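Visitor: Structure of the sequence below:
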Amino acid sequence: MKTKRISLTAISVMTGAILSMTGCADDAVVSVAGASEADLAKVEAVQANRVGNDTVSVLIDKEIKITKGEIDEMANAVLEANRMQIPADEIETAKTDIRKNVIEQLTLQALLLRECDKAGIAVTDEERDAFFNEMTGGQKSAEEVAQDANMPVEKFLDMITKNMRIEKFLTGKTEDLPAPTEEEAKARFDEIVESNPEAVQTPATVEASHILVSVDAEAEDAEAVDAAAKVKMEEVRQKLIDGADFAEMATEYSDCPSKENGGSLGQFGEGQMVKPFEDAAFAQEVGEIGDVVKTDFGYHVIRVDKKNASGSITFDDVKDDILEALAREKTGTIQRDYLTGLRQGAQIENLEKPIVSDPVRVESQKTPEWAE
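Guide: Have a look, this model is predicted:
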């Protein structure tokens, strides 16, 4: 696997970008020669905090500490959960991006939990357990889920409690927010229609079931295999015309996974199926057993179960959805503005960022293990 080594300068720039968004960024690099006593004191504080996984990576208002171990644990968990979707040659870049995002999230979580403490926001064990049961449908215990996540159950439950406290606190910021009006919803609908008229057009669709007899085009005697498949499909079609149950015939004869649903393909519109199949399905009448249709997959018999004509969406069709969307927008705006103010009002120090350029004074300034 190709390995990308990340320089200290790059790490400094990336971590500094996090703080610059909040207006709390420190000077990126301070030389020893011109360092003030305050600068050197800061360096000594960083060095004092560098002790393995208990290293303090983020310091908030000189009192809240987020350790390297906490960041490592979450960053590794996120990486492992997404590893299969990350190309091998992008793993190192992904590690950097993930770590940056984890630092951001843990910093915000710490700030919010402090506000929860001030506001006396609490979540009982009963509330937590009820939430967990709702989320899992009662299908799994906390111990099982924690084990799946390779996490001690106490830590897993604590994580749920913290998240619930934050959710309760933020919800309280908008609980007195007036509900959107129907007039606001209508105005939004009219905006959508004016800017994108096609957004309120519904295409014609059909709901259909089919039976497939597949054909191996690469078979040694492809023509004979094709002919046999067609004969078999014609025989199945005749049985259907004679009154055989379509779902039972699909289960017995179809080579398509839809056989598990009686051959049902659900609803589809134009452009979603191969052309010969689509043309046949849209041309047939509801309930009709159509002629045998040939596609690249093999031979099909189609039954159209329902047809839905094209049309237009009216305001009444989507009024409730728009009202819900407007409510979410208003809530989101207020919460985002609050979170921005919360960050801007805090002194956030990223102690993983290199501060002194002289390698003699800062002996531990090496490329972090996670970036190698």
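
Visitor: from here on, contacts and neighbour counts on C-alpha atoms
Guide: Will do.

Visitor: Residue 327 belongs to a helix?
Guide: Yes: residue state for residue 327 (DSSP: H, G, I helix; E, B strand; the rest coil) corresponds to a helix.

Visitor: Kindly provide the distance from it to residue 180.
Guide: Separation of residue 327 from residue 180 (Cα to Cα, to the nearest Å) stands at 6 Å.

Visitor: Could you do residue 321 as well?
Guide: Using Cα to Cα, residue 321 is found at 12 Å from residue 180.

Visitor: Tell me the buried residues in the strand or helix carrying residue 74?
Guide: Here residue 74, judged by DSSP states H and E, is contained in helix 68-82. The neighbour-count check on helix 68-82 (16 or more other Cα atoms under 10 Å) flags 68, 70-72, 74-76, 79 as buried.

Visitor: now do stretch 291-303
Guide: Across stretch 291-303, burial judged by 16+ other Cα under 10 Å covers 292-294, 298-303.

Visitor: what sits up against it?
Guide: By Cα atoms under 8 Å, 6 or more residues apart in numbering, the list of residues contacting stretch 291-303 from outside reads 208-215, 226, 229-230, 233-234, 237, 274, 276-277, 280-281, 284, 286-290.

Visitor: Can you flag the buried ones in these?
Guide: When those are checked for burial by 16+ other Cα under 10 Å, the buried set is 208-215, 226, 229-230, 233-234, 237, 277, 280-281, 284, 286, 289-290.

Visitor: re earlier: centre of the chain to the helix holding residue 74, how far?
Guide: Computed by Cα atoms, centre = their mean, to the nearest Å, the chain-centroid distance of helix 68-82 equals 17 Å.

Visitor: I'd like to know which elements it is packed against.
Guide: Counting contacts by 3 or more Cα pairs under 8 Å, 6 or more residues apart in numbering; DSSP states H and E, helix 68-82 packs against helix 91-119.

Visitor: and the helix it packs on, what's its mean pLDDT?
Guide: The average pLDDT within helix 91-119 is 94.

Visitor: now the angle from it to helix 68-82?
Guide: 120 degrees (axes from the mean of the first three to the mean of the last three Cα atoms, to 10 degrees).

Visitor: Which strands or helices does helix 91-119 pack on?
Guide: With contacts defined as 3+ Cα pairs under 8 Å, 6+ apart, the packing partners of helix 91-119 are helix 8-20, strand 56-60, strand 64-67, helix 68-82, helix 153-172, helix 315-344.

Visitor: Correct me if wrong: residue 267 contacts residue 209.
Guide: No: applying Cα atoms under 8 Å, one finds residue 267 not in contact with residue 209, separated by 9.6 Å.

Visitor: Next, the spatially most distant residue from the centre of the chain: phi, psi?
Guide: Within the chain, the residue lying farthest from the chain centre (Cα atoms, centre = their mean) is residue 242, at 49.4 Å. When quoted as degrees, to the nearest 10, the phi and psi of residue 242 stand at phi -80, psi 0.

Visitor: How is the protein divided into domains?
Guide: Per the record, the chain has its domains at 8-174+335-371, 204-309, by automatic domain parsing.

Visitor: and of those domains, who's closest to residue 194?
Guide: domain 204-309 (22.3 Å; Cα to Cα).

Visitor: now the end-to-end length of the closest one.
Guide: By Cα to Cα, the extent of domain 204-309 from end to end equals 5 Å.

Visitor: Pull out the buried residues from stretch 150-170.
Guide: 153, 156-157, 161-166, 169-170.

Visitor: circling back to that earlier point, next, format the helices and strands packed on helix 91-119 as CSV and append distance to residue 253 and mean pLDDT.
Guide: Below are the helices and strands packed on helix 91-119 laid out as CSV (distance: least, Cα to Cα, whole Å; pLDDT from 0 to 100):
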stretch, distance to residue 253, mean pLDDT
helix 8-20, 59, 27
strand 56-60, 63, 93
strand 64-67, 61, 94
helix 68-82, 39, 87
helix 153-172, 48, 92
helix 315-344, 41, 95
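
Visitor: so which of these comes closest to residue 96?
Guide: helix 8-20 (8.4 Å).

Visitor: show me the contacts for the residue nearest to residue 211 when sequence neighbours are not counted.
Guide: Leaving aside its sequence neighbours, residue 211 sits nearest to residue 254 (Cα to Cα, 6 or more residues apart in numbering; 4.8 Å). Contact partners of residue 254, counting by Cα under 8 Å, 6+ apart, are 211-213, 263.

Visitor: Likewise for residue 225?
Guide: Going by Cα under 8 Å, 6+ apart, residue 225 touches 215-216, 219.

Visitor: Select from those every entry located in strands.
Guide: Cross-referencing the contacts of residue 225 against strands under DSSP state E gives no overlap.
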